[in-house]
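Colleague: Make a model of this:
(one chain, ligands or ions: 1)
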Amino acid sequence: MLKINVGIIGFGTVGAGTFEVLTTNRKLIRDRIGAEVVVKRIADLDIESDRGIPVRPAREILTMDAMDLIDDPEIDLVVELVGGLDRAREFILRAMEKGKHVVTANKALLAEHGALLYRSAREHGVGLAFEASVGGGIPIIGALKNGLSGNRIQTCVGILNGTSNYILTKMTQEGLPFDRAVDQAVHLGFAEDPPTLDVDGTDAAHKLAIIISIAFGSPVSFNRIYREGIVAVTPDDIRYADEFGYRVKLLAIAKDLGDKIEARVHSAMISRDHILANVNEAFNAIYIEGDFVGPNLYYGLGAGRRPTGSAVVSDIIGLAREIKAGARELTPPLGHALPREEGIEIQAIEDLITPYYFRFSAVDTPGVLSRIAGILSEHRISISSVIQKGRKSEGPVSIVMLTHEARESAAQKAISAIDKLDVVTDKTVVIRVEGNSL
Ligand code: HSE
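Modeller: This is a model prediction of the structure:
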């Protein structure tokens, strides 16, 4: 039987999960491919710690030098799981130069240097696959590249960062302030300490860049995606959102506008009744609309040893099948043999048109509401609902508003003018409402 020799660089959480899936389900995987996947070498700087799964014979398999497997002519496929940018990129490029297929989970690398890696894979005639880079165990890349490939993708809305989703869930369900919810996430091991790239929207933007590149057929760097995190969200805003029938989620949104793509990551209100509003804790979900398939929803664990290992192994199996079939031309990394030549134009955030939630902090004197409403009206922003919270004690009050659809540039100008009013005591909180299209 054909043997496909695999080398794994990085024996941390995901590396160990990958090895565990390949070991535990070895026979099943062999029967599915009709070829044997053999982990010939694993490279890591730490080859002593117990990963909870035996590696035998350890002396032959484990090495501290990644080049041992990149330079090994018997290895067909290299799995890069070290993370980070520079070293990982060098390992991948070197492996491809040596004619090896590559699997990676490295979302940051793909979101920053994807174009270089896709080109290198094409030039060297090797496969490059990265299911584990988005949504952990959710097979969203496979869905976009295969299951939905007959469709023009119209909308993707994802909850792509489990840490933020966990924090927002705790703030919603238990009324915890942001800092305490973060502490809980760190304590339970969901979040890095500090989880900066999770809560500032960077991690979700990395993943959205990868989704957009596949869905729309051309590499997009994550720097072009507008992003805001969840740091400014307070339990008060979550409570007011609830009064209006909404939940607050960190959403990663991409929409096909015809000549442009809308691409943005920020906290947003969505109807309490929408399925995405009920994706809680550290779960991820991606809602997709295609022109023929209509709405599709993918839900699952976006991180963790076993789910992410499952995704990495799905890529190994996919490439092993192509190797076995002797494919002369492998499926391109983005699933587009002829990528969009003109590239992808991203709409400027200032041109976004959406409803807004505003929370103003103001002194409770006659005429405040009409001054705020006057400025909104000057900027052609129409109010759909207002709540003013009764005064519990002396001091500023919250005036909470939902607007009809308005242009982002107008919203920014209006809020900047309102925040200069002498009666306004604090910076206005702005949360976009993901309205009609969901
Ligand atoms: N830090 C990520 C999250 C997991 O919180 O979703 C890995 O992508």
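Colleague: only C-alpha atoms for contact and neighbour calcs from this point on.
Modeller: Will do.
Colleague: what sits up against stretch 33-44?
Modeller: 1-11, 19, 22, 26, 29-30, 60-66, 69, 75, 317, 320-321, 324 (CA atoms under 8 Å, 6 or more residues apart in numbering).
Colleague: And the average pLDDT for that stretch is what?
Modeller: Averaging pLDDT along stretch 33-44 yields 98.
Colleague: Can you dump the C-alpha atoms of it in PDB for me?
Modeller: Taking Å, rounded to 0.1, in the frame of the first residue of the first chain, the C-alpha atoms of stretch 33-44 are listed here in PDB:
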ATOM      1  CA  ILE A  33      -7.600   7.200   1.600                       C
ATOM      2  CA  GLY A  34      -6.400   3.800   0.500                       C
ATOM      3  CA  ALA A  35      -2.900   4.800   1.500                       C
ATOM      4  CA  GLU A  36      -1.000   4.800   4.800                       C
ATOM      5  CA  VAL A  37      -0.200   8.100   6.500                       C
ATOM      6  CA  VAL A  38       3.000   7.700   8.500                       C
ATOM      7  CA  VAL A  39       4.300  10.400  10.800                       C
ATOM      8  CA  LYS A  40       8.000   9.900  10.100                       C
ATOM      9  CA  ARG A  41       9.400  12.900  12.100                       C
ATOM     10  CA  ILE A  42       8.200  15.500  14.600                       C
ATOM     11  CA  ALA A  43      10.300  18.500  15.300                       C
ATOM     12  CA  ASP A  44      10.100  20.600  18.400                       C
END
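Colleague: What's the first helix or strand after the helix or strand harbouring Gly15?
Modeller: Remark: Gly15 resides in helix 13-24, with elements defined by DSSP states H and E. Remark: after helix 13-24, the chain's next helix or strand is helix 26-33, criterion DSSP H and E.
Colleague: Could you spell out the sheet neighbours of the helix or strand following that next one, each with its direction?
Modeller: Later in the chain than helix 26-33, the nearest helix or strand by DSSP H and E is strand 36-43. Strand pairing for strand 36-43, using DSSP bridges, gives strand 3-9 (parallel), strand 62-63 (parallel).
Colleague: So in the protein, which helix runs the longest?
Modeller: When the chain is parsed with DSSP state H, its longest helix is helix 305-325.
Colleague: Next, the angle from it to helix 13-24.
Modeller: Interaxial angle of helix 305-325 relative to helix 13-24 (axes from the mean of the first three to the mean of the last three CA atoms, to 10 degrees): 60 degrees.
Colleague: List the strands paired with the helix or strand following helix 305-325, with their directions.
Modeller: Reading on from helix 305-325 to the C-terminus, the next helix or strand found by DSSP H and E is strand 353-354. Sheet pairing of strand 353-354 (DSSP bridges) gives strand 406-407 (antiparallel).
Colleague: Name the residues that touch the partner strand?
Modeller: The contact list for strand 406-407, computed with CA under 8 Å, 6+ apart, reads Glu350, Asp351, Leu352, Ile353, Thr354, Pro355, Tyr356, Arg380, Ile381, Ser382.
Colleague: redo that, cut-off 7 Å
Modeller: With contact meaning CA atoms under 7 Å, 6 or more residues apart in numbering, strand 406-407 is reached by Asp351, Leu352, Ile353, Thr354, Pro355, Ile381.
Colleague: same deal with stretch 300-315?
Modeller: Contact with stretch 300-315 is made by 13-14, 17-18, 21, 103, 129-132, 135-139, 162, 283-285, as judged by CA under 7 Å, 6+ apart.
Colleague: Just the buried ones from these, in PyMOL syntax?
Modeller: Per 16 or more other CA atoms under 10 Å, the buried members of the contacts of stretch 300-315 correspond to this PyMOL selection:
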select buried, resi 13+14+17+18+21+103+129+130+131+132+135+136+137+138+139+162+283+284+285
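Colleague: which of the contacts of stretch 300-315 are close to the ligand?
Modeller: By CA under 6 Å from any ligand atom, the members of the contacts of stretch 300-315 lying near the ligand are Gly162.
Colleague: From the chain's centroid, how far away is the helix holding Gly15?
Modeller: With CA atoms, centre = their mean, to the nearest Å as the basis, the distance from the averaged C-alpha position of helix 13-24 to the chain average is 22 Å.
Colleague: Run the angle between that helix and helix 26-33 for me.
Modeller: Using the same axes, to 10 degrees: helix 13-24 against helix 26-33 is 80 degrees.
Colleague: Could I get the pLDDT score of the residue of the chain positioned farthest from its centre?
Modeller: In the chain, the residue that sits farthest from the middle, by CA atoms, centre = their mean, is Pro366; the gap is 45.6 Å. pLDDT for Pro366: 89.
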